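Asks: Return atomic coordinates for the entry below.
(chains A and B)
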Amino acid sequence: MDAHDHPEHAPKFQAYINVFVALMIFTLASFGAYKILGQGPSSMWIILAISVAKATLVALIFMHLKFDWPNLYCIVIPVCVMAVMVMIVLLPDIVLSWRQ
Amino acid sequence: MGIPLPNGKLAMWLFLVTEIMFFTGMIGVYLLIRNGQPTARIPWPGPQDVHLVEWVGALNTLVLIVSSFTVVFALYYLHHNKVKQAVQMIGVTLGLGCVFLIVKAFEYKSKFEHQILPGRVSEKLDTPQGVKFLRTVEAQLKEIVEHHKDSKAIKKCAELLDYIQKSPSPSPKAVNEKIRGTKTILGEDEKHKDHIDLPEASKKKSPQEYTKGILEIDEHLHLSYSIPWGNMWASCYFAMTGFHALHVFGGLVVFVVMLVMAYRGRFGKQHAYFVEYTGLYWHFVDIVWIFLFPLLYLV
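Replies: Below you'll find the predicted structure:
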């Protein structure tokens, strides 16, 4: 077994439980925000922020990115930049042209 | 000298970054589409317009989160040489994945029953689509009148069928209004007062004059109605959730392989890598759903 994959280099089990509880609470919070505030701009930003927080927790702890990031940033960051570029490139035709 | 990671983990991450491109491309285009042509006057369909039940989406989110946790559990047990418990956790993960797909199947069934499918939704009723809409509703009403006699809205259905069949030129917009009700179409604040699919008479109504639609009396009836942007919504919905469900299914196949190996006594601590890399994939599928759930059901 490679040293990098040894369990000592993974998060402590308590961290997994904490993240799991946080994910459950966040899911109920986003549903609650929708129920209380309804569908609209006010609830949208809260719900999307919660989603980003949930995804970050899963990636950092469950997927061990917190520990593997120094080895993986070189392939993850370019892809994320390209994904955002796709949206920026399409923005003028699909969104902005209809707003004029 | 390369990246100090096991080859398997690096390969899985290279695969996952292609998956990031795939799903962010799709989700990104969905965001652009729903923020492009739809306006405040003719908005993008809300969950109620397309028979999406929010709590069902939340339930499926919780199911996937628990399944992510059970994969973590399985890996933890394998690292501590507790193979039996690890196999049990993989079995639980498989079960939860199946629950997710079953719930999704029921949701798809609802879409098929209500004809909320790409290219099948009536949008602008003052075009030839309106005639097609009338034929579809007529067939659905005949089915209801013949086989759902205990429905609370049976009288209204019979009246509407009579109107479509006997009126010399039935109005698709009036039929749409009788199905959904003027309050649903206009909204509490009458923000859609100039809605493209409303007959002129409806636009002058005050809130006190709202008439109840058939689906407001019995929401379980399978009746089509006009959904502006409905076809685009359906295309986006089926593309995103369909590809996500395929990924869930792919993960389940791998979990079945693990269980078969365990059944044959060929599964042990040496397969911790196998569980870890499959877990990476499964967590990624979870992250995709973490974004799909709010974007489709809540926002």
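Asks: What parts of the stretch 151-299 of chain B come near chain A?
Replies: The stretch 151-299 of chain B comes close to chain A at residues B:272-273, B:276, B:279-280, B:283-284, B:286-287, B:290-291, B:293-294, B:297-299, as judged by Cβ under 8 Å from any Cβ of the partner chain. Backbone N, C-alpha and C define where each C-beta goes, glycine included.
Asks: Now intersect these with the helices, please.
Replies: Judged by DSSP state H, helices contain the following of these: B:272-273, B:276, B:279-280, B:283-284, B:286-287, B:290-291, B:293.
Asks: Show me which of those residues is closest to B:Phe106.
Replies: Checking these against B:Phe106 by Cβ to Cβ gives B:Phe293 as the nearest, at 16.1 Å.
Asks: tell me the contacts of that closest one?
Replies: Residues near B:Phe293 by Cβ atoms under 8 Å, 6 or more residues apart in numbering or on different chains: A:51, B:57-58, B:60-61.
Asks: residues in contact with B:Glu113?
Replies: Counting by Cβ under 8 Å, 6+ apart, B:Glu113 has contacts B:His222.
Asks: wouldn't B:Tyr297 be in contact with B:Leu52 here?
Replies: Yes: if you go by Cβ atoms under 8 Å, B:Tyr297 and B:Leu52 touch, sitting 5.7 Å apart.
Asks: The two: which has the busier surroundings?
Replies: The neighbour comparison of B:Tyr297 against B:Leu52 (other Cβ atoms under 10 Å in any protein chain shown) goes to B:Tyr297, with 23 against 20.
Asks: how close does the residue nearest to that one when sequence neighbours are not counted get to A:Gly40?
Replies: Using Cβ to Cβ, 6 or more residues apart in numbering or on different chains and skipping residues adjacent in sequence, the residue nearest B:Tyr297 is B:Gly57, 3.9 Å away. As judged by Cβ to Cβ, to the nearest Å, B:Gly57 and A:Gly40 stand 18 Å apart.
Asks: re the thing from before, shouldn't the residue nearest to B:Tyr297 be within a helix?
Replies: Yes: B:Gly57 forms part of a helix when assessed by DSSP: H, G, I helix; E, B strand; the rest coil.
Asks: Just confirm it contacts B:Leu296, I think it does.
Replies: Yes: when contacts are counted by Cβ under 8 Å, B:Gly57 is listed as touching B:Leu296 (7.0 Å).
Asks: In chain A, where is pLDDT below threshold?
Replies: A:1-10, A:100 (pLDDT under 70).
Asks: domain ranges for it?
Replies: What automatic domain parsing lists as the domains of chain A is A:1-63, A:71-100.
Asks: Let me have the ones you listed in TSV, adding distance to chain B and mean neighbour count as columns.
Replies: Formatted as TSV, these follow (distance: least, Cβ to the nearest Cβ, whole Å; neighbours: other Cβ atoms under 10 Å in any protein chain shown):
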stretch	distance to chain B	mean neighbour count
domain A:1-63	4	16
domain A:71-100	4	13
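Asks: on that earlier part again, farthest-separated two in the contacts of B:Phe293?
Replies: Maximum distance among those (Cβ to Cβ): 14.4 Å, for A:Ser51 and B:Asn60.
Asks: tell me what the helix or strand hosting A:Gln14 is packed against?
Replies: Assigned by DSSP states H and E, A:Gln14 falls within helix A:13-37. Helix A:13-37 sits against helix A:41-57, helix B:54-79, with contacts defined as 3 or more Cβ pairs under 8 Å, 6 or more residues apart in numbering or on different chains; DSSP states H and E.
Asks: for chain B, which spans come out with low pLDDT?
Replies: B:1, B:182-210.
Asks: That concludes my questions; thank you for your assistance.
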